[in-house]
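**Student:** below: sequence and its predicted model.
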Amino acid sequence: AQTVTQSQPEMSVQEAETVTLSCTYDTSESDYYLFWYKQPPSRQMILVIRQEAYKQQNATENRFSVNFQKAAKSFSLKISDSQLGDAAMYFCAYRSAFQGAQKLVFGQGTRLTINP
Amino acid sequence: DVKVTQSSRYLVKRTGEKVFLECVQDMDHENMFWYRQDPGLGLRLIYFSYDVKMKEKGDIPEGYSVSREKKERFSLILESASTNQTSMYLCASSLTYSPLHFGNGTRLTVT
């Protein structure tokens, strides 16, 4: 079974600085998808970014980018120019690319605090 | 925008009660999911459904059951609530091979 590990329960960063959240995963599959979700205090889970394992290029969405290291099974999230609205729980998630596989496997989460 | 609506934001029930958590989505998604969220454990999958009347166990199905009689509605049932089922419950839906869309969660307290 696949597992996802986020080893940083909490992180903090000064507003406008850059922060990197870590995620590692374990799988024997070669094709899969990886995601970062954000959960603000409103509790609404929001998709931040996704990465297809077959793509070597790291995904980028505005101030959010990932460092995908397939051989190391590492998928970190970098947030540039941190803003107060980035404060939230961040979850890393894995999904198999096998036909019919739709469920996500989540990590434990990292609580990000932005200091003004 | 996809809307996934969970019927209650907060719920307090007594031990032994039968509890229904309801989830409705408005985008004709075939896949629906129930997750449980606990501090330090992240989200864990309880049950999911690929189609009406179809259900599959997730990682922690014990003590729970589900019902999907209509495509838009996926209910989570606690047959006899226990204190260790106090948690945040998140419902999600998706089209096949598309990202999950989540509801706002139901915080359930069992006393």
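**Tutor:** Looks like it arrived, so ask away. Numbers count the residues shown, from 1 in each chain, chains lettered A, B, ... in the order given.

**Student:** give the contact list for B:Lys57.
**Tutor:** Contact analysis of B:Lys57 by CB atoms under 8 Å, 6 or more residues apart in numbering or on different chains lists B:Tyr47. (Glycine included, C-beta is placed from N, CA and C.)

**Student:** hmm, I was thinking of B:Gly16
**Tutor:** Here B:Gly16 is in contact with B:Ser80, B:Ala81 (CB under 8 Å, 6+ apart).

**Student:** stretch A:20-34: which residues count as buried?
**Tutor:** A:Leu21, A:Ser22, A:Cys23, A:Thr24, A:Tyr25, A:Thr27, A:Tyr32, A:Tyr33, A:Leu34 (16 or more other CB atoms under 10 Å in any protein chain shown).

**Student:** grab the nearest non-local neighbour of the first one.
**Tutor:** In this case it means A:Leu21. Among residues not flanking A:Leu21 along the chain, A:Leu77 sits closest, at 4.5 Å (CB to CB, 6 or more residues apart in numbering or on different chains).

**Student:** what about the one you found, how many neighbours?
**Tutor:** 24 (other CB atoms under 10 Å in any protein chain shown).

**Student:** quick check: mean pLDDT of the helix or strand containing it?
**Tutor:** Per DSSP states H and E, A:Leu77 falls inside strand A:74-79. Average pLDDT, strand A:74-79: 98.

**Student:** let me know the next secondary structure element after that strand.
**Tutor:** In N-to-C order, the element after strand A:74-79 by DSSP H and E is strand A:88-96.

**Student:** which strands or helices does that following strand pack on?
**Tutor:** Packing contacts for strand A:88-96, counted by 3 or more CB pairs under 8 Å, 6 or more residues apart in numbering or on different chains; DSSP states H and E, involve strand A:3-5, strand A:32-39, strand A:74-79, strand A:105-106, strand A:110-115, strand B:42-49.

**Student:** burial of residue 62, as a residue count?
**Tutor:** In the absence of a named chain, chain A is used. Going by other CB under 10 Å, the residues that sit close to A:Asn62 add up to 10.

**Student:** actually it's chain B I care about, not the one you picked
**Tutor:** 6.

**Student:** hang on, it is in a strand, isn't it?
**Tutor:** No: membership of B:Glu62 in a strand is not supported by DSSP: H, G, I helix; E, B strand; the rest coil, which gives coil.
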